[in-house]
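S.K.: Structure for this input, please:
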Amino acid sequence: MSAEVIQESLLPTLLALSQDPIPNIRFNVAKSLGVIIPILREAGMKNIIDGEIAQRLQQLEADSDQEVKYFGHQAMITSKQPTNIMNRSTNIRSHSESIEMGSTGSMDLLYKAI
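M.R.: Model (predicted):
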């Protein structure tokens, strides 16, 4: 999904749903915002992240529900990370997932490398 489609179609819906009375909706909004932030940042839409999204994440961080607070905070952390750090952590995560899916011998190599 392109950043433009996210900005025009998905983001307005997420921002509206962030005020839903059901906590599960709100924490899924926070999780979704955490996913789309890197896409928007890669497209040079930092002003949207620092504006509308950051404002909504602050509200979610102050929510009465603990899960909403947690995921709001996680998304806020993502919004503050530079792009190169997010790319590195994604690459590390992808690499570790491929190692976990490998044979036991692969895990032995990982432990030896550490």
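S.K.: For the residue nearest in space to the middle of the chain, grab phi and psi.
M.R.: Taking CA atoms, centre = their mean, the centroid of the chain lies closest to residue 34, which sits 2.1 Å from it. Backbone geometry at residue 34, expressed as degrees, to the nearest 10, gives phi -60, psi -30.
S.K.: Report the contact partners of it.
M.R.: 71, 74-75, 78 (CB atoms under 8 Å, 6 or more residues apart in numbering). From N, CA and C alone the C-beta is placed, and that goes for glycine too.
S.K.: go on, residue 74?
M.R.: Residue 74 touches 30-31, 34, counting by CB under 8 Å, 6+ apart.
S.K.: Tell me how the chain divides into domains.
M.R.: Per the record, the chain has its domains at 3-81, 83-114, by automatic domain parsing.
S.K.: Please work out which of those is packed deepest.
M.R.: Among those, ranked by average contacts under mean count of other CB atoms under 10 Å, first place goes to domain 3-81 (a mean of 17).
S.K.: coming back round to it: export the domains of the chain to TSV and append columns for mean pLDDT.
M.R.: As requested, the domains of the chain are exported to TSV (pLDDT from 0 to 100):
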stretch	mean pLDDT
domain 3-81	94
domain 83-114	41
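S.K.: out of everything not next to it in sequence, what's closest to the residue nearest to the centre of the chain?
M.R.: Counting by CB to CB, 6 or more residues apart in numbering, residue 34 lies nearest to residue 75, which is 3.6 Å off, once chain neighbours are set aside.
S.K.: starting at the chain centroid, how far to the host helix or strand of the one you found?
M.R.: Using DSSP states H and E, residue 75 sits in helix 66-80. Between the centre of helix 66-80 and the centre of its chain there are 8 Å (CA atoms, centre = their mean, to the nearest Å).
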